[in-house]
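Enquirer: Okay, predicted coordinates and the sequence, questions at the end:
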Amino acid sequence: MTSRNAATPSITAVWPGRPYPRGATWDGEGVNFALFSQHAEKVELCLFDDRGRQELQRIPLRDRTDGVWHCYLPEARPGQAYGYRVHGPYKPEEGHRFNAHKLVLDPYAKDLVGELRWGDALYGYTVGSKREDLSFDRRDSAPLMPKGRVLETAFTWGDDRRPMIPWQDMVICEMHVRGFTMTHPDVPPALRGTYAALGCAPVVDYLKRLGVTTVELLPVHGFLNDRHLSERGLRNYWGYNTLAFFAPEMRYSASGKVKEFKTMVKTLHSAGIEVILDVVYNHTCEGNQLGPTLSMRGVDNASYYIVNGDNRRYYDDFTGCGNTVNLEHPHALQLVMDSLRYWAEEMHVDGFRFDLASALARESGKVENLGGFFDAIGQDPTLNRVKLIAEPWDLGHGGYQVGNFPPGWAEWNDRYRDGLRGFWKGDGGLLGELARRITGSEDLYGWSGKQPTASINFVTAHDGFTLHDLVSYNDKHNEANGEDNRDGSSNNVSWNCGAEGPTDDAEVLTLRERQKRNLLATLLLSQGVPMLLAGDERGHTQQGNNNVYCQDNELGWLDWTPTPERLALVTFVERMVALRRAHPSFRRRTFFAGRPAEVETVTDVHWLRPDGAEMRPEDWNDANARCIAMYIPGGGIVDRGPRGEAQLDDDFIVLFNAHHDEIAFTLPAAPHGAWRLLVDTANTAPPLTTEDAAAHAPAWSEPAYPLQCRSLVVLSRPDVRP
């Protein structure tokens, strides 16, 4: 046992403690420590000084209950830094990788002190040995490791309440805590890039003006910089490299305190904005068999990870990151469930977006009825009331599961993304695909009884081109990542509008701005839940890099410098969000039927050709057709209001023209009110509200509208029904 220094008295009282709750739990009198390790032979709790640098004492955990090692230290207090040394067999070929020379982080650590410093001592085997991971390394890894820290969880939440935005009313903004605020001129420099910055009044006010109801934060669980990135002077920017499922990432904390995250959540809630976390439970930062021993690998490798059934030295990797967390094991499943409940109950977040969610459903290597994990969430009284969003695929066989997640789950809809990109790019034969996607993707979600809000609609996300780059580059340009442009997807369905990258060509620049408006307007007029990528409303560019996972610099950070083009686009998005919010026609809870409802006489949607006639079956298959209209009568809404009242709206017609020529589009007759123009993406005038249009826009008296090439138009006529 290592002795403490003279200034720090040793812990003298060690009580048996309890096996639950897991982790280090301060109860006001002392700290209970509990660690699950089914296959361990001995566990030592290691206590460190306040900065986590000097090991002061080792305490053997003598009590074990159902595989959980535990003790209670009545003399320990919040702020105590700690880690574990876990003894057991080092037999990789049997799936066991215990090495007590390696300090391992508590998988339940709620706060971290210190940063990981890369070195060969972090590996359970001898790096460079001919025997690779079958060798055994005896160097102490503690000096290189971050430590857990006992957390005082008390926080004054006051009357904080979840905004509980209905799904159909949501407008999500996917953002990076650091990247969104690093260059914001109205955020104090000391706070930029932090949770505190995201809670600053100028940032909150901007989100409110934009009409955002929900922020979806890229991973904020404690994560590592990959060694290969650190050695090349880069950093893991996105954070899909989780080390600690309970601890917020401290590089985003200006104060270095967990409560800063809570303050951010409370501030956003006060503004009526929800907080959803992008969470990574499918794998960890320990990688494949040649990765470091940092936490779960050294605690109980064979329990926490899916090891290969034929050779347990290796992992079944369905994530592309070297390992997959084994949610078939009850204690690994409990770890994830406890983490989710902690963030929902203790940190007050409003929901989760699950990275590579299909990997969480795998049982015996197969996606079987979406697995016990989803059953566990479905019956959990806390988690079945928060918002759950799946990235509905992984990299394994059978992993693409769009449309197959259980009731109560929404899904990122990549069919929507690719359909809209292809249509506005000018690809032929996509009228049917466009119609299916903008009406909520009933073909994907309707069969299981879900509603349009199961579809999270997006054109861009963190992974891929920004909106500006989508209309400015045909090809990815990822050279800055140092991987010879091999990383990132090559299937971007993008079009540079006539020039690759930056240009002074006025026609190209004008077309790019129009294409941005086309894509944003379509997104915000579609049934389902729209998700914006932060910065798209400002024309943010990554200079053609579609994989800035390692670019924690100006390439990944938003540029807040105002320009006329940026300000115009921000205004356009504000007005389009307001148009969506004002009209239930664009926020339906049920799918269009294409016919009158039982209690109505009005068909809820019509699809029109440029000559004004209804689309025929053969028209949908016309590979040369790139122009269509969606006519939505305001009397065809079957949804009811919050008090059961009938909902009526104005009539709308939305014209889509992805052709390179102008088309004279014949409009439906307007017997009970004239058509008025709200939106025309072919000009730079901002969209009008229906009230502004009635007051300022002249009635459209011509039988046809001159629909410019590559443009979208919205016309409305007022509801005159009694």
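Expert: Perfect, thanks for sending it.
Enquirer: Centre-most residue in the protein?
Expert: Among the residues of the chain, the one closest to the centroid is residue 278, at 3.9 Å (CA atoms, centre = their mean).
Enquirer: next helix or strand past the helix or strand encompassing that residue?
Expert: Assigned by DSSP states H and E, residue 278 belongs to strand 274-279. The C-terminal neighbour of strand 274-279 among helices and strands, as given by DSSP H and E, is helix 296-304.
Enquirer: what's that following helix packed up against?
Expert: The contact analysis (3 or more CB pairs under 8 Å, 6 or more residues apart in numbering; DSSP states H and E) places helix 296-304 against strand 31-36, strand 81-87, strand 96-97, helix 330-345. Backbone N, C-alpha and C define where each C-beta goes, glycine included.
Enquirer: and these as JSON lines, adding mean pLDDT, mean neighbour count and distance to residue 586?
Expert: Below are the helices and strands packed on helix 296-304 laid out as JSON lines (pLDDT from 0 to 100; neighbours: other CB atoms under 10 Å; distance: least, CB to CB, whole Å):
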{"stretch": "strand 31-36", "mean pLDDT": "98", "mean neighbour count": "25", "distance to residue 586": "49"}
{"stretch": "strand 81-87", "mean pLDDT": "98", "mean neighbour count": "23", "distance to residue 586": "53"}
{"stretch": "strand 96-97", "mean pLDDT": "98", "mean neighbour count": "23", "distance to residue 586": "54"}
{"stretch": "helix 330-345", "mean pLDDT": "98", "mean neighbour count": "19", "distance to residue 586": "30"}
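Enquirer: Of all the ones you listed, which one comes closest to residue 461?
Expert: For these, the distance to residue 461 is smallest for helix 330-345, at 21.4 Å, taking CB to CB.
Enquirer: Neighbours of the closest residue to residue 366 other than its chain neighbours, how many?
Expert: Distances taken as CB to CB, 6 or more residues apart in numbering place residue 398 nearest to residue 366, at 6.4 Å, with adjacent residues excluded. A total of 15 residues lie near residue 398 under the criterion other CB atoms under 10 Å.
Enquirer: Likewise for the one 3 residues further on?
Expert: Neighbour count for residue 401, taken as other CB under 10 Å: 18.
Enquirer: what does residue 311 give?
Expert: Neighbour number of residue 311 under other CB under 10 Å is 11.
Enquirer: Just give the nearest non-adjacent residue to it, would you?
Expert: Closest to residue 311 by CB to CB, 6+ apart is residue 93, at 7.2 Å.
Enquirer: again with residue 64
Expert: Per CB to CB, 6+ apart, closest to residue 64 is residue 70, 7.5 Å.
Enquirer: Flag the shaky bits of this protein, pLDDT-wise.
Expert: For the chain, the stretches flagged by pLDDT under 70 are 1-9, 369, 597-601, 671, 720-722.
Enquirer: So the residue nearest to the residue nearest to the centre of the chain when sequence neighbours are not counted, which state does it fall into?
Expert: Sequence neighbours aside, residue 353 is the residue nearest to residue 278 in space, at 4.7 Å (criterion: CB to CB, 6+ apart). Taking DSSP: H, G, I helix; E, B strand; the rest coil as the rule, one finds residue 353 in the strand state.
Enquirer: For residue 353, give me its contacts.
Expert: 216, 276, 277, 278, 279, 389, 390, 391, 412 (CB atoms under 8 Å, 6 or more residues apart in numbering).
Enquirer: What are the buried residues along stretch 303-312?
Expert: Within stretch 303-312, the residues that count as buried by 16 or more other CB atoms under 10 Å are 303, 304, 305, 306, 307, 312.
Enquirer: Next: stretch 144-163.
Expert: Neighbour counts over stretch 144-163 (16+ other CB under 10 Å) mark 144, 145, 146, 147, 148, 149, 150, 151, 155, 162, 163 as buried.
Enquirer: C-alpha coordinates for that stretch, PDB please?
Expert: The C-alpha coordinates for stretch 144-163 follow below in PDB (Å, rounded to 0.1, in the frame of the first residue of the first chain):
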ATOM      1  CA  LEU A 144      -0.500   9.100 -17.900                       C
ATOM      2  CA  MET A 145      -4.200   8.600 -16.900                       C
ATOM      3  CA  PRO A 146      -7.000  10.900 -16.100                       C
ATOM      4  CA  LYS A 147      -8.700  10.000 -12.800                       C
ATOM      5  CA  GLY A 148     -12.200   9.900 -11.600                       C
ATOM      6  CA  ARG A 149     -13.300  12.500  -9.100                       C
ATOM      7  CA  VAL A 150     -16.000  12.100  -6.500                       C
ATOM      8  CA  LEU A 151     -18.800  14.600  -7.400                       C
ATOM      9  CA  GLU A 152     -21.000  16.700  -5.200                       C
ATOM     10  CA  THR A 153     -24.200  16.600  -7.300                       C
ATOM     11  CA  ALA A 154     -26.200  19.200  -5.500                       C
ATOM     12  CA  PHE A 155     -27.500  22.000  -7.800                       C
ATOM     13  CA  THR A 156     -30.200  24.600  -7.500                       C
ATOM     14  CA  TRP A 157     -32.600  23.700 -10.300                       C
ATOM     15  CA  GLY A 158     -35.400  25.800  -9.000                       C
ATOM     16  CA  ASP A 159     -38.500  25.600 -11.100                       C
ATOM     17  CA  ASP A 160     -36.600  24.200 -14.200                       C
ATOM     18  CA  ARG A 161     -39.000  22.300 -16.500                       C
ATOM     19  CA  ARG A 162     -38.500  20.500 -19.700                       C
ATOM     20  CA  PRO A 163     -40.000  22.500 -22.600                       C
END
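Enquirer: There's contact between residue 462 and residue 174 in this structure, I believe.
Expert: Yes: Residue 462 is within contact range of residue 174, at 6.1 Å (criterion: CB atoms under 8 Å).
Enquirer: quick one, phi/psi of residue 480?
Expert: For residue 480, the backbone dihedrals (degrees, to the nearest 10) come out as phi -60, psi -20.
Enquirer: tell me the contacts of it?
Expert: 543, 545, 551, 555.
Enquirer: Now for the closest residue to residue 579 other than its chain neighbours: which residues touch it?
Expert: Setting aside the residues directly before and after it, residue 579 is nearest to residue 687 in space (CB to CB, 6+ apart), at 5.9 Å. Taking CB under 8 Å, 6+ apart, we find residue 687 in contact with 521, 572, 575, 576, 579, 678, 679, 714.
Enquirer: circling back to that earlier point, pull the most distant pair out of the buried residues of stretch 303-312.
Expert: Applying CB to CB across the buried residues of stretch 303-312, the maximum distance is between 304 and 312, 13.3 Å.
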